[in-house]
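K.L.:
structure, please.
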Amino acid sequence: MVFFREKGTVFFPDPTLIGTPADLRLTYEEVFFTTDDGIRLHGWYVPFQKSPITLLWFHGNAGNISHRLENIALLHEHVRVNIFIFDYREYGKSEGEISKAGTFRDAFAAFGYLCSRSDVDPSRVVLFGRSLGTALATAVAVERPCLGIILESAFTSTDDIMRLYFRFLPPLPPGTVKYDSLALIGKVTVPKLVIHGEHDEIIPLWMGKRLYEAASPPKEFYLIRGATHNDTYLAGGEDYFNKLKQFMNTLNPRRATS
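P.N.:
Model prediction:
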């Protein structure tokens with residue numbers, strides 16, 4: 001049997017933070033919380049005045065939360081919502097060893113922690129996944145109440161990624177933990193915004209479109225012309241942030257699932 005090592009192929013964790021929100025003059029709270037299997041995770045809560053909406057951010061497979069500082073600052077400035085971003089196990093200051101199964105535990109723990117805060121309205125939490133994080137945001141949206149979900153640079157499933165990048169390997173054995181947003185997205189009943197770069201060189205555009213097509217209404221697809229995988233918010237510019245803000249403004253707390 002061929003052994004498929006996830007770290008270094010699927011996950012690229014970086015333990016070193018290169019800065020904090022304070023470097024960009026943002027008020028923030030450093031947060032530690034624990035998963036159901038006892039792993040201590042780290043994140044940042046960045047409030048925006050008295051915004052009723054909180055964005056729970058599931059980041060991609062490389063780096064750590066500090067590599068999203070510029071994006072955090074721009075979201076804070078233009079979309080004007082509270083932001084909670086955290087690191088999966090083995091990323092940044094988070095403990096443990098990374099695995100697909102672990103990321104699911106981390107995602108649900110982050111949601112649970114956020115909704116336990118006295119300064120957060122649990123009925124006004126919006127899930128925001130980028131790249132790998134889209135699979136986690138989708139999984140949480142199926143199982144937990146949320147106000148809406150944003151999937152940016154989303155992929156369909158582990159199986160599709162394996163066929164795209166690891167065709168020389170045999171199929172993963174039965175029982176292997178996988179990401180499968182394509183199988184889950186139809187179960188997500190809250191409003192959905194699917195965002196994809198026109199020239200995404202890592203997760204092809206067809207994956208984002210296929211996921212959108214499989215989603216049930218209400219839903220919207222936003223194509224960012226000229227964007228690749230990692231520059232969506234830069235290539236999209238003001239239009240990108242306006243789209244996010246417009247989506248937030250259309251959300252109704254009464255639509256949150258139970």
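K.L.:
what ranges do the helices span in this structure?
P.N.:
Per DSSP state H, the chain carries helices over the ranges 69-78, 100-116, 132-143, 158-165, 181-184, 205-214, 232-250.
K.L.:
out of those helices, which gets nearest to Asp87?
P.N.:
Asp87 sits nearest to helix 100-116 of all these, at 8.4 Å, using C-beta to C-beta. Quick note: C-beta positions are derived from backbone N, CA and C, even for glycine.
K.L.:
please identify the buried residues of the closest one?
P.N.:
The neighbour-count check on helix 100-116 (16 or more other C-beta atoms under 10 Å) flags 100, 102-115 as buried.
K.L.:
kindly provide the whole-number mean pLDDT of it.
P.N.:
Averaging pLDDT along helix 100-116 gives 98.
K.L.:
which other residues reach that helix?
P.N.:
Among residues not part of helix 100-116, those counted as contacts by C-beta atoms under 8 Å, 6 or more residues apart in numbering are 6, 10, 31, 33-37, 39, 41, 43, 54, 56, 58, 84, 86, 88-89, 94, 96, 120, 122, 125, 127, 132, 136-137, 139-140, 143-144, 146, 158, 177-179.
K.L.:
and stretch 12-29, by the same measure?
P.N.:
Under the contact criterion C-beta under 8 Å, 6+ apart, stretch 12-29 has outside partners 7, 30, 44-47, 61-67, 69-70, 72-73, 76, 88, 90-93, 98.
K.L.:
got the end-to-end distance for stretch 31-44?
P.N.:
One end of stretch 31-44 sits 6 Å from the other (C-alpha to C-alpha, to the nearest Å).
K.L.:
how far away is the residue lying closest to Ser66 once chain neighbours are set aside from Lys93?
P.N.:
The spatially closest residue to Ser66, leaving aside those adjacent along the chain, is Leu17, at 4.2 Å (C-beta to C-beta, 6 or more residues apart in numbering). Separation of Leu17 from Lys93 (C-beta to C-beta, to the nearest Å): 7 Å.
K.L.:
ok so, going back, can you say which of the contacts of stretch 12-29 are buried?
P.N.:
Counted by 16+ other C-beta under 10 Å, the contacts of stretch 12-29 give 44-47, 61, 63-67, 69, 72-73, 76, 88, 90-93, 98 as buried.
K.L.:
tell me, how many residues neighbour Ile203?
P.N.:
Other residues near Ile203 come to 22 when the count uses other C-beta atoms under 10 Å.
K.L.:
do His229 as well
P.N.:
For His229, using other C-beta under 10 Å, the count is 18.
K.L.:
distance check, it against Glu152.
P.N.:
Remark: distance between His229 and Glu152 (C-beta to C-beta) = 10 Å.
K.L.:
what touches both of the two?
P.N.:
By the contact definition C-beta under 8 Å, 6+ apart, His229 and Glu152 are jointly contacted by Ser131.
K.L.:
per-residue pLDDT of the residue nearest to Ser66, please?
P.N.:
Per-residue confidence at Leu17 stands at 98 (pLDDT).
K.L.:
same question for the one 3 residues further on.
P.N.:
At Thr20, the pLDDT value in this model is 98.
K.L.:
follow-up on the earlier one: now, which of the contacts of stretch 12-29 lie within strands?
P.N.:
The members of the contacts of stretch 12-29 that map onto strands under DSSP state E are 30, 44-46, 62-63.
K.L.:
and of those, the nearest to Met162?
P.N.:
Ala62 (18.5 Å).
K.L.:
give me the nearest residue to that closest one, chain neighbours excluded.
P.N.:
Leaving aside its sequence neighbours, Ala62 sits nearest to Phe12 (C-beta to C-beta, 6+ apart; 4.0 Å).
K.L.:
before we move on, what about Leu234?
P.N.:
Closest residue to Leu234 apart from its sequence neighbours, by C-beta to C-beta, 6+ apart: Ala227 at 7.9 Å.
K.L.:
touching, that neighbour and Ala235? I think so.
P.N.:
Yes. The criterion here is C-beta atoms under 8 Å, and Ala227 meets it with Ala235 at 3.6 Å.
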